[in-house]
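Student: here's a sequence, model it:
(chains A and B, ligands or ions: 2)
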Amino acid sequence: MGHDSHDHKPKGFVNRWLMTTNHKDIGTLYLVFAFAMFITGGAMAMIIRLELFQPGLQFVEPDFFNQMTTMHALIMVFGAVMPAFVGLANWMIPMMIGAPDMALPRMNNWSFWILPFAFALLGSTLFMDGGAPAGGWTMYPPLVLQGGKNVAYLVFAVHLMGISSIMGAINVIATIMNMRAPNVGYLNMPLFVWTWLITAFLLIAVMPVLAGAVTMLLTDRYFGTSFFNAAGGGDPVLFQHIFWFFGHPEVYIMILPSFGVVSEIIPTFARKPLFGYVSMVYATAGIAFLSFIVWAHHMFSVGMPLGGELYFMYATMMIAVPTGVKIFNWVATMWKGAMTFETPMLFSLAFVVLFTIGGFSGVMMALAPVDLQYHDTYFIVAHFHYVLVPGAIFAIIAAAYYWLPKWSGHMYSERLGKIHFWWSTISVNVLFFPQHFLGLAGMPRRIPDYSTQFAEFNMMSSIGGFAFGLAQVFFIYIVVKTVRGGKKAEANAWGDAKGLEWTVPSPAPHHTFDEFGPVDLKKMAHGEVH
Amino acid sequence: MDNGKQQKETRDHWHAQRKKARKTALILGVLALALAAWSVFVVLQKAAG
Ligand code: HEM
Ligand SMILES: [Cu+2]
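Tutor: Numbering: from 1, shown residues only, chains lettered A, B, ... in the order given. Ligands and ions are numbered 1, 2, ... in the order given. You can find the predicted model right below:
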């Protein structure tokens, strides 16, 4: 190396952050943004659980309550979970495949900086006449069109989020296809990279469909079209088909990168290579394919023909097969391993167990005849919160603990991490498990008040909710403390973790893998296995 | 190998790869636009029929 060119970070806030094209800085921006949205969406969840603490209307107006459920979901899905995974992709994918940066660094900057504008647009609706969207994150017409003046803001915000994620996805694919170190083949790539590659294709396939759907909402509302207006010859159920053609792949967009994270962490702390690497790749691709052909399991009660009900029922049940392959592979990875239980491993183990509970309730709802009972009740609220909170969110938290030493150069406090883990894991179950019983007993979702027979389980759920919320404030404290100081992290923070990211110093220098050349495949998790 | 030459090779390599990457991106971008148009088209067809 000619001169010491390595840590040239641009000076000043504008140059360092606003103008950045560096994958690590953009990754940090995404992660910080996602965290801010997680706290914002979380605050809305606290309002929801506060109102539901007891039967009767205590704190908020019913319409404001509906705005909270709608905004909570939109912010968590598009503002927290998805950007957090894009942040992880930015930080880790180039380092995992031996690339100096993402393939299209300037587009990368643009992808990120669109997001604050999208959410400012969406958030501004809270302050306008008639308030924020209140028809649910699924935006079903005609309800969504009957609210205040927010429709155009909602639609343009979704457009911006869509543009951001499509550009992010294109960048991920272009990077993985073109920027791997010369001796890194597709089947040498870590599973996190694989799951993201497949996720990126899902994003490109479905985000434009969502954009098309909301554009038609816009023209129905403001330009007199009748795409979804029955009075004008349109069909509101058609919106549901289009929405869920996007929506079901979308839920896998939020879970496949989680699978990738967990597939990195479990081998490290079981001290064994991932069991069934190639089958993991195929299972991921299988899930992605199936995710396109099951969408109407969200619509069993709209009055589809019997053949449709049966088809979507069986197709949906098939997803359990590749998902099961993954679960068994993780368990087999741990089998007879020299396991230790650091915080990232604990969150990953909780992921495996609790995500599976969500998978089970999913298979229950896949049965068309019984779903007529579960549909639009708290049972489905319990289902998707299990797969998304101790599922996707736990995977993101696990990733943060796992790679924080690489990002910050410091080890977090293992004691505080464990407190955070147990606090979160106990409270998340107190929060969501009772919702299964509420749903089975018939409590509908998206209501601010309920009949008194549901009081006990709701109170329990709210207490779990407040405790879980507080635990995440504690997480902020742990992260900030770690970034500002603490025990210095080794290059290989976990001793003998596999993966190219552990071959560069901690904290990772501003530029890594600048010099083009083959990498040491033995250092990669799957370099020797295939 | 002398340093200057190696640096140039590295630069040229990533330069070429980035150029290919722009092509990949362009194809995917066109695909995305086509899908958006297609979703509207499907609805229009349904509305017409
Ligand atoms: C074994 C896998 C799964 C099966 C069989 C399954 C099945 C289902 C079914 C049938 C519904 C519709 C219930 C109803 O509305 O009556 C549903 C809803 C939902 N699922 Fe799953 N699911 C699975 C995994 C997942 C995963 C991995 C996620 C996300 C990470 C997820 C997220 C959701 C969400 C968000 C909803 C509710 C959407 C809404 O109406 O707001 N599911 N699931
Ligand atoms: Cu689904």
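
Student: ok, A:Thr377 touching A:Ile447?
Tutor: No. With contacts counted by C-beta atoms under 8 Å, A:Thr377 stays clear of A:Ile447, the gap being 10.4 Å. (Glycine included, C-beta is placed from N, CA and C.)

Student: these two: which is more packed in?
Tutor: A:Thr377 (19 against 14; other C-beta atoms under 10 Å in any protein chain shown).

Student: which per-residue confidence value corresponds to that one?
Tutor: We have a pLDDT of 97 for A:Thr377.

Student: what helix or strand is the residue nearest the centre of chain B on?
Tutor: Centroid-nearest residue in chain B, with C-alpha atoms, centre = their mean: B:Ala25, separated by 1.1 Å. Assigned by DSSP states H and E, B:Ala25 belongs to helix B:3-48.

Student: now do that helix: which elements does it pack against?
Tutor: helix A:151-178, helix A:191-222, helix A:236-270 (3 or more C-beta pairs under 8 Å, 6 or more residues apart in numbering or on different chains; DSSP states H and E).

Student: can you add mean pLDDT and mean neighbour count and give the ones you listed back as JSON lines?
Tutor: Below are the helices and strands packed on helix B:3-48 laid out as JSON lines (pLDDT from 0 to 100; neighbours: other C-beta atoms under 10 Å in any protein chain shown):
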{"stretch": "helix A:151-178", "mean pLDDT": "97", "mean neighbour count": "24"}
{"stretch": "helix A:191-222", "mean pLDDT": "96", "mean neighbour count": "23"}
{"stretch": "helix A:236-270", "mean pLDDT": "97", "mean neighbour count": "23"}
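
Student: output the below-cut-off pLDDT ranges for chain A.
Tutor: Low-confidence segments of chain A (pLDDT under 70): A:1-7, A:526-530.

Student: hmm, I was thinking of chain B
Tutor: Ranges of chain B meeting pLDDT under 70: B:1-2, B:49.

Student: let's go with 90 and repeat that
Tutor: Low-confidence segments of chain B (pLDDT under 90): B:1-15, B:36, B:38-49.

Student: where does it get nearest to ligand 1, residue-wise?
Tutor: Taking C-beta to the nearest ligand atom as the measure, the point where chain B comes nearest ligand 1 is B:Ser39, at 19.4 Å.

Student: OK, contacts around the residue nearest to the centre of chain B?
Tutor: Going by C-beta atoms under 8 Å, 6 or more residues apart in numbering or on different chains, B:Ala25 touches A:Ala103, A:Leu104, A:Met107, A:Ile170, A:Asn171, A:Ala174.

Student: equivalent analysis for A:Ala315, please.
Tutor: Counted by C-beta under 8 Å, 6+ apart, A:Ala315 has contacts A:Leu290, A:Ile293, A:Val294, A:His297.

Student: 7 Å instead, please
Tutor: A:Leu290, A:Ile293, A:Val294 (C-beta atoms under 7 Å, 6 or more residues apart in numbering or on different chains).

Student: what distance do you get for the second one to ligand 1?
Tutor: Taking C-beta to the nearest ligand atom, to the nearest Å as the measure, A:Ile293 and ligand 1 are separated by 13 Å.

Student: run a quick neighbour tally on that residue.
Tutor: With other C-beta under 10 Å as criterion, A:Ile293 counts 15.

Student: how is it assigned, secondary-structure-wise?
Tutor: When classified by DSSP: H, G, I helix; E, B strand; the rest coil, A:Ile293 comes out as coil.

Student: if we ignore the residues flanking it in sequence, what's nearest it?
Tutor: Of all residues not flanking A:Ile293 in the chain, A:Ala315 sits nearest, at 5.4 Å (C-beta to C-beta, 6 or more residues apart in numbering or on different chains).

Student: on the three-state scheme, the one you found is what?
Tutor: Three-state call for A:Ala315 (three-state DSSP): helix.

Student: and it, how close does it get to A:Ala89?
Tutor: 29 Å (C-beta to C-beta, to the nearest Å).

Student: now A:Ala134
Tutor: For A:Ala134, the distance to A:Ala89 (C-beta to C-beta) stands at 33 Å.

Student: smallest distance to ligand 1 belongs to which residue of chain A?
Tutor: Counting by C-beta to the nearest ligand atom, chain A gets nearest to ligand 1 through A:Gly362 (2.6 Å).

Student: show me what the helix or strand containing that residue is in contact with.
Tutor: Using DSSP H and E, A:Gly362 maps to helix A:343-366. Residues outside helix A:343-366 that contact it (C-beta under 7 Å, 6+ apart): A:258, A:262, A:265-266, A:269, A:297, A:313, A:316-317, A:320, A:323, A:327, A:330, A:370-371, A:374, A:379-380, A:382-383, A:386-387, A:390-391, A:394-395, A:397-398, A:401-402, A:414, A:417-418, A:421, A:425, A:436.
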